[in-house]
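Trainee: Starting from these lines, generate the structure:
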Amino acid sequence: MVELKNKKILLGICGGIAAYKSADLVRKLKECGADVRVVLSQSAKEFITPLTLQALSGHPVADSLLDPNAEAAMGHIELARWAELVIIAPATANFIARLTAGMADELITTLCIATEAEVVICPAMNQQMYQHPVTQENLKTLALRGTKIWGPDCGSQACGEVGPGRLLEAVDITQRVITYFHHVSADKPLLGKRVMITAGPTREAIDPVRYISNHSSGKMGYALAVAARVLGAQVTIVSGPVALTCPSQIAKIDVESAEDMLKAVMTDIDKQDIFIGCAAVADYRIEQASSDKIKKSAEKMQLALTRNPDILATVSALPQRPFTVGFAAETSNVVDYARDKLKRKKLDMIAANDVSIADQGFNSDSNALQVIWDGGQHALPAMNKQILAHQLMSIIVENMSNK
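Mentor: Numbering: from 1, shown residues only. Here you go, the predicted structure:
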């Protein structure tokens with residue numbers, strides 16, 4: 001069974017008698033291929049030992065808000081970023097009340113607030129506690145905030161009473177996790193994929209105060225980064241100098257020159273599933289940039305230029321390359337030049353635009369593209385770059401699945 005292969009699941013366990021079921025839950029999630037990390041509340045250690053859960057999960061169990069063995073002693077942030085799904089099982093009435101109040105005084109509640117992953121709580125408590133108006137109001141509040149509530153079951157309880165409040169069985173929670181990830185995969189076709197996008201212009205130094213560049217604003221590349229992230233991808237932007245804020249949940253590497261950009265790209269390219277060369281990379285650089293400011297003297301000055309490295313061609317020539325998409329900014333014969341570039345650089349796809357048209361392309365909020373691949377072409381009319389980026393990413397995903 002590998003329905004949950006490599007899925008990163010963070011399991012939080014609260015201090016209730018139902019904690020004994022959590023050991024079986026860890027085992028079943030692992031059997032389905034999941035990578036499971038466990039966090040215990042302080043009271044949970046009275047019911048189940050960290051050693052048991054470490055043996056079952058294969059990872060040390062966390063229970064401290066500030067972990068001296070973690071990077072920067074902030075294990076709560078590391079775990080919060082790592083998780084694809086957070087499950088609290090069992091979730092006690094105390095935990096539910098503290099999470100509703102936004103308390104971050106213990107690792108288990110802090111993780112639920114610090115993570116961007118979906119949070120699921122599986123209530124488990126005495127039936128009277130569960131049905132109490134304050135518990136019901138807390139659950140309603142959490143649900144309105146987007147927290148998923150799974151369970152509880154109804155039946156006999158450890159206290160001898162009968163009613164709602166039993167923790168769902170491990171097999172039931174596991175099946176719900178499988179169903180959850182199936183739904184997520186349908187909505188997020190790039191989940192688990194890595195996408196690298198170059199964006200903006202490059203600057204090629206003439207001397208310490210002057211450079212050669214172009215009019216690229218980086219808006220198209222940044223919009224593509226957002227679109228890829230929405231589809232579930234882990235995204236990195238390698239960005240030339242732009243006046244844009246990096247979107248949330250996206251890694252950014254700042255570069256200046258074409259050589260800087262190539263170095264940044266090649267450092268991590270072997271881990272990428274998709275590479276989109278959206279940056280307007282300067283074709284040439286100064287052969288020998290001056291270390292001092294060049295003084296104005298003669299009426300004319302000649303600058304010797306040398307060709308810059310071709311980042312797209314370098315990536316597409318790799319033996320194990322990612323799905324490689326190029327951009328072509330043209331002022332005439334747009335489709336013909338783009339087809340030539342597609343073939344010459346052996347790209348999987350190219351998106352071409354006519355930058356001679358006013359309010360389209362460089363420094364504009366709108367763009368229009370001719371998307372071309374071997375055996376196909378799709379025209380995307382002028383529209384806002386944010387919307388255009390989502391349409392282009394859909395075409396990329398469709399073509400990837402057909403390769």
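Trainee: Assign a three-state SS to Leu303, would you?
Mentor: Following DSSP: H, G, I helix; E, B strand; the rest coil, Leu303 is assigned to coil.
Trainee: so the nearest residue to it once chain neighbours are set aside bridges to which residues?
Mentor: For Leu303, ignoring the flanking residues on the chain, the nearest one in space by CB to CB, 6 or more residues apart in numbering is Ile286 at 5.9 Å. Every residue, glycine included, has its C-beta placed from N, CA and C. In this entry, Ile286 is beta-bridged to Leu305, by DSSP bridges.
Trainee: Also Arg37?
Mentor: Under the criterion used (DSSP bridges), Arg37 bridges to Leu10.
Trainee: how deep is it tucked in, by neighbour count?
Mentor: Applying other CB atoms under 10 Å, we find 22 residues neighbouring Arg37.
Trainee: measure the closest residue to Cys278 other than its chain neighbours to Val39 for me?
Mentor: In space, Cys278 comes closest to Gly221 once its chain neighbours are excluded; the distance is 3.8 Å by CB to CB, 6+ apart. Per CB to CB, to the nearest Å, Gly221 is found 37 Å from Val39.
Trainee: Next: Ala101.
Mentor: 19 Å.
Trainee: More neighbours: which of these two?
Mentor: Val39 (27 against 11).
Trainee: looking at this, that one is in a strand?
Mentor: Yes - checked against three-state DSSP, Val39 lies within a strand.
Trainee: Now for this structure, the helix or strand with the poorest mean pLDDT.
Mentor: helix 75-82 (a mean of 76; mean pLDDT, DSSP states H and E).
Trainee: Following the chain past that helix, name the next helix or strand.
Mentor: Following helix 75-82 in sequence order, the next helix or strand is strand 85-91 (DSSP states H and E).
Trainee: partners of that following strand in the sheet?
Mentor: Strand 85-91 has its sheet partners listed here by DSSP bridges as strand 8-13 (parallel), strand 118-123 (parallel).
Trainee: Only the buried residues of the helix or strand encompassing Gln136, if you could.
Mentor: Remark: Gln136 resides in helix 133-144, with elements defined by DSSP H and E. Judged by neighbour count (16 or more other CB atoms under 10 Å), helix 133-144 contains these buried residues: Thr135, Asn138, Leu139, Leu142.
Trainee: List the contacts of the third one.
Mentor: I take that to be Leu139. Shown in contact with Leu139 (CB atoms under 8 Å, 6 or more residues apart in numbering): Ile96, Pro123, Ile149.
Trainee: from those residues, which is closest to Val177?
Mentor: Of all the contacts of Leu139, Ile149 has the smallest distance to Val177: 14.5 Å, by CB to CB.
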